[in-house]
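Asks: from the sequence below, what's the structure:
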Amino acid sequence: KIRPHQTKALKNWKDNGFNGIFEHVTGSGKTITAIYGICKFAEHEKTAVIISVPYISLADQWVDELKAFNIMPIQCYESSNKWFSTAEQSIARFASRPLDKSYLLVLVVVNKTLNSEKFQSVISQLNKDNLIYIGDECHRYAKKGGTSKLPKAEYRLGLSGTPFSDSEFDVEGNEELINFFGRGHDIFTIKMAMAQGALCEYFYYPISIYLSEEEYERYTENVGKIHLVSKDSDSSDLNMAAIAEMSRALGSAQDKFIQLRKLLRNEGMSGRSIVFCGDGSTELESLSLDLSESENKDRENANAVLQEQNIICNYFTSEESSKRRREILKDFTQGDTQCLISIRVLDEGIDVPGVESAYLLASSRNRRQYIQRRGRVLRKSDEKEFSKIYDFICLPPKDINKSAIVDGEIKRLIEMTDDSKNKDDNIKFIKKL
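Replies: Predicted coordinates for the structure are as follows:
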């Protein structure tokens, strides 16, 4: 049985000609909503569905959910030897079936494969008039030309907790999404989700972290480099490099690990948890799957702190293979591992059941990122009544009264505080800053 917000979303999708975007908060059941929708659509006619996702781990989860609906999808990822012939034959059989007879063909594909010549050639045999395209984490297409290789299906559905950017520089990207998926836009916010019992409530604990003089100097040096680049300059790579260095200075602040150690000594770690480390970049945004020197150091520091407290943990980073990630998630779900140390992954889509606590050591200024991370711990579970989020807030050295660092952290603080159970305490914290 689906919830009222899911029924409303599907009606909205239908009313807009089965086109649109579901902007539903992470953890509120976008996947189930979409699957239920395609099942209803296919009740009276044959229907082909292409579902694209950014990661193999997320593709695996879609496959599991589809199987729960008795749908056996073709898994178009990893080696093409595993899926190409099956997809080709299934599409040929699909084409020979009568249009007015109920039949559902589903292909699940990762974005990298979606763009390949082999996949494009095999789906070219599908008639767009009875084709549904579902783009999960559709914000990834929000850039100029970002939708150019997506299937030109008659019916389209984009899914994301944060599809649109609020940056003035991303207007073009937002329009790209709307032009492709259509203007049917259904919203389900975190406030709505908690009020309707679709997500659990959470306590938010901001923890002050002070940069060392060296870390602060590294940060401010790169702020200066950004100001040196003209707005009219085409040297955007210099800007990006400086911003990345600023993020690393904040993400690797040594006081974070000192405060994490104090926190765990005093309170321990209750239930399954995720520790988010790194500079805030994601697996798909990075040129290499290998972790940087600072990222390796961050995960080692976090691991050392957890080991001191006899907490069984595993790395879940961009370096682990798809097979290894499946094993790690299985161990975590079964309770053999208590904590995951995440770098570049677990920011999007991947459902990690029963997570009670998140430790945000990665100081992301990217709203989409910290909203997604919050969503990782708000999914309902019989094992927990509420969730806890510990956010390590970067501040300049204590002898510096005013800094742009504080301004950057305040935005995240306010949004995370607004929906928390301990809002009054956190407002006091913000005022002190």
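Asks: tally of neighbours for Ile410?
Replies: By other Cβ atoms under 10 Å, 13 other residues sit near Ile410. Where you see a C-beta, it was placed from the backbone N, CA and C, and this is true even at glycine.
Asks: quick one: secondary structure of it?
Replies: Assigned with DSSP: H, G, I helix; E, B strand; the rest coil, Ile410 falls in the helix class.
Asks: where does it land on pLDDT?
Replies: On pLDDT, Ile410 comes in at 90.
Asks: do the one 10 residues further on as well
Replies: Here the pLDDT value assigned to Ser420 is 96.
Asks: show me what contacts it?
Replies: Tyr202, Phe203, Tyr204, Ile389, Asn426 (Cβ atoms under 8 Å, 6 or more residues apart in numbering).
Asks: tell me how far Val109 lies from Lys11.
Replies: 28 Å (Cβ to Cβ, to the nearest Å).
Asks: neighbour count winner among these two?
Replies: Val109 (25 against 12).
Asks: still on that earlier bit, sitting in helices, which of the contacts of Ser420 do you find?
Replies: Among these, the ones falling in helices (DSSP state H) are Asn426.
Asks: among the contacts of Ser420, which one lies nearest to Ala142?
Replies: Taking Cβ to Cβ as the measure, Ala142 sits nearest to Ile389 out of the contacts of Ser420, at 26.2 Å.
Asks: neighbours around the closest one, how many?
Replies: Ile389, neighbours per other Cβ under 10 Å, totals 21.
Asks: what of Ala87?
Replies: With other Cβ under 10 Å as criterion, Ala87 counts 22.
Asks: that one should be in a strand, yeah?
Replies: No - assigned with three-state DSSP, Ala87 falls outside any strand and is helix.
Asks: and the residue at the greatest distance from the centre of the chain, which of the three is it?
Replies: Distance from the C-alpha centroid of the chain peaks at Pro98, with 39.1 Å (Cα atoms, centre = their mean). Three-state call for Pro98 (three-state DSSP): coil.
Asks: doesn't Ile74 make contact with Val63?
Replies: No - using Cβ atoms under 8 Å, Val63 makes no contact with Ile74, being 9.6 Å away.
Asks: what touches both of the two?
Replies: In contact with both Val63 and Ile74: Val108, using Cβ under 8 Å, 6+ apart.
Asks: what helix or strand is Asn314 located in?
Replies: Per DSSP states H and E: Asn314 is located in strand 313-317.
Asks: who's in contact with that strand?
Replies: 275, 291, 295, 299, 303, 306-307, 325, 328-329, 331-332, 337-346.
Asks: now the following helix or strand past that strand: buried residues?
Replies: Using DSSP H and E, the helix or strand that follows strand 313-317 in sequence is helix 322-334. Neighbour-count burial for helix 322-334 flags Arg325, Ile328, Leu329, Phe332 (criterion: 16 or more other Cβ atoms under 10 Å).
Asks: quick check: next helix or strand after helix 322-334?
Replies: strand 339-343.
Asks: between that following strand and strand 313-317, how big is the angle?
Replies: 20 degrees (axes from the mean of the first three to the mean of the last three Cα atoms, to 10 degrees).
Asks: strand 339-343 to helix 322-334, inter-axis angle?
Replies: 140 degrees.
Asks: and strand 339-343, what does it pack onto?
Replies: When contacts are defined as 3 or more Cβ pairs under 8 Å, 6 or more residues apart in numbering; DSSP states H and E, strand 339-343 sits against strand 272-276, helix 293-308, strand 313-317.
Asks: what angle sits between it and strand 272-276?
Replies: Using the same axes, to 10 degrees: strand 339-343 against strand 272-276 is 20 degrees.
Asks: strand 339-343 pairs with which strands, parallel or anti?
Replies: strand 272-276 (parallel), strand 313-317 (parallel) (DSSP bridges).
Asks: immediately after that strand, which helix or strand?
Replies: Per DSSP H and E, the helix or strand that comes after strand 339-343 is strand 355-360.
Asks: strands paired with that following strand, and their directions?
Replies: strand 272-276 (parallel), strand 387-395 (parallel).
Asks: Gly145: which of these is closest?
Replies: Of all those, strand 272-276 comes closest under Cβ to Cβ, at 30.8 Å.
Asks: that older thread, can you add pLDDT and distance to Glu319 and give the buried residues of helix 322-334 back as a markdown table?
Replies: Below are those laid out as a markdown table (pLDDT from 0 to 100; distance: Cβ to Cβ, whole Å):
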| residue | pLDDT | distance to Glu319 |
| --- | --- | --- |
| Arg325 | 86 | 10 |
| Ile328 | 91 | 12 |
| Leu329 | 88 | 15 |
| Phe332 | 91 | 17 |
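Asks: just the closest of the residues you listed to Lys67, please.
Replies: Nearest to Lys67 among these, with distances taken as Cβ to Cβ, is Leu329, at 16.8 Å.
Asks: what is the mean pLDDT for whatever helix or strand Thr31 lives in?
Replies: If you go by DSSP H and E, Thr31 is part of helix 30-41. The average of the pLDDT scores along helix 30-41 is 96.
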